[in-house]
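1. pasting the structure only:
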């Protein structure tokens with residue numbers, strides 16, 4: 001976890017306790033559960049652009065998990081978050097320049113080298129604090145990043161009513177700054193249609209998703225300004241991301257998942273749409289070296305891990321102590337994250353995990369076994 005220095009500029013959260021839990025423990029457990037429930041497989045390629053929703057986690061968190069789980073195996077050092085402005089109208093792009101952003105899960109530093117190159121590169125690329133004062137669309141993406149990644153910085157960007165020309169200039173400048181780096185992820189924050197009936201929403205959102213699949217930035221932008229037959233509150237950031245993809249030659253788009261609030265609440269009369277998408281290039285990129293050559297678990301190794309989890313739960317529940325073991329198997333000593341799911345009579349009773357490795361595999365396994373049996 002990053003630490004703040006005296007006098008450092010720290011952006012406090014706007015919607016902790018509203019869009020997501022204010023308790024670090026509750027927030028961590030909720031994201032773990034959402035990630036574990038997602039059927040998305042982590043990509044074996046470098047994914048430079050993700051699209052994810054930004055509603056309250058109880059509504060859109062299940063869809064967001066598909067986005068972030070897709071990139072959980074890759075090492076990113078900088079995450080550029082492109083988010084729309086819901087409360088503050090302005091012409092241009094506001095980039096938070098320095099300091100750190102805070103969530104209940106801790107502090108994330110700003111990539112000040114990158115923000116310094118963006119702010120002022122055009123008269124429309126500014127830092128306007130008012131764009132961030134009430135905004136939730138950027139903030140809600142950060143806890144998912146904190147649970148998925150380790151040792152990264154962010155570039156927080158809130159987009160106002162920018163012209164298509166401004167977005168083209170922004171995409172070109174961002175492409176120039178990032179260059180050939182393969183450790184930069186762009187997260188685009190958007191929800192889709194708002195407050196239509198279930199079937200109407202699905203039809204509208206299908207049109208919007210198809211426009212993204214076709215990388216049709218102009219259609220998306222026109223729909224934004226002319227209020228045509230698709231709706232996305234983040235269509236300005238989506239337009240910018242697609243223009244960036246064109247700059248880089250990324251031509252592949254994959255829809256990872258779609259749902260709307262009606263799928264969660266059962267109220268089909270007025271729903272909000274959510275989609276998870278990934279944009280990437282034709283050329284397959286290898287994962288970072290940390291993931292190359294990772295071996296799958298043998299049946300004997302799986303059995304040993306299951307025995308460790310069971311013995312840990314038994315010791316903790318009966319005696320209040322955490323089971324201690326030392327494993328000599330090199331595969332079980334690999335630094336990896338772990339999830340532990342507990343079922344009783346076929347019903348889910350606990351599920352907690354961490355994608356990021358924080359010690360030999362059997363160590364986080366024991367820790368997650370305690371958490372799943374006593375905290376979830």
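-> Yep, it's here. Source: prediction; values computed, not measured.
2. contacting residues for residue 134?
-> When contacts are counted by C-beta atoms under 8 Å, 6 or more residues apart in numbering, residue 134 touches 14, 86, 87, 88. Placement of C-beta: from N, CA and C, glycine included.
3. how near is it to residue 13?
-> Using C-beta to C-beta, to the nearest Å, residue 134 is found at 12 Å from residue 13.
4. got it, and residue 264?
-> Separation of residue 264 from residue 13 (C-beta to C-beta) stands at 23 Å.
5. could you do residue 201 as well?
-> Residue 201 is 29 Å from residue 13, by C-beta to C-beta.
6. again with residue 56
-> According to C-beta to C-beta, residue 56 and residue 13 sit 14 Å apart.
7. kindly report the same for residue 42.
-> From residue 42 across to residue 13, the span is 28 Å (C-beta to C-beta).
8. could you do residue 131 as well?
-> Taking C-beta to C-beta, one finds residue 131 at 16 Å from residue 13.
9. show me the shaky parts of this structure.
-> 1-7, 283-301, 303, 328-330, 344-348, 354-358, 376 (pLDDT under 70).
10. which SSE is residue 204 in?
-> Taking DSSP states H and E as the definition, residue 204 sits inside helix 198-213.
11. cool, and residue 368?
-> Using DSSP H and E, residue 368 sits in helix 362-374.
12. follow-up on the earlier one: buried residues in the helix holding residue 204, which are they?
-> Burial within helix 198-213, assessed by neighbour count using 16 or more other C-beta atoms under 10 Å, is assigned to 198, 201, 202, 204, 205, 206, 207, 208, 209, 211, 212.
13. confirm that residue 238 sits in a helix.
-> Yes - checked against DSSP: H, G, I helix; E, B strand; the rest coil, residue 238 lies within a helix.
14. and it, how many neighbours?
-> Neighbourhood size, residue 238 [other C-beta atoms under 10 Å]: 28.
15. show me what contacts residue 209?
-> Contacts for residue 209 (C-beta under 8 Å, 6+ apart) come out as 192, 255, 258, 275, 277.
16. inside strands: which ones of those residues?
-> 255, 258, 275, 277 (DSSP state E).
17. number of nearby residues for the nearest residue to the last one once chain neighbours are set aside?
-> Nearest non-adjacent residue to residue 277, counting by C-beta to C-beta, 6 or more residues apart in numbering: residue 51, 4.2 Å away. Applying other C-beta under 10 Å, we find 29 other residues in the vicinity of residue 51.
18. need the next SSE after the strand or helix carrying residue 51, C-terminal direction.
-> For residue 51, the element it lies in under DSSP H and E is strand 49-52. Next along the chain after strand 49-52, taking DSSP H and E as the criterion, comes helix 57-70.
19. buried stuff in that next one?
-> Within helix 57-70, the residues scored as buried using 16+ other C-beta under 10 Å are 57, 59-70.
20. run through who's touching that helix.
-> Residues outside helix 57-70 that contact it (C-beta under 8 Å, 6+ apart): 19-20, 30-31, 34-35, 37-43, 47, 50-54, 140-141, 144-145, 147-148, 187, 191, 256-259, 261, 264-265, 272, 274-278.
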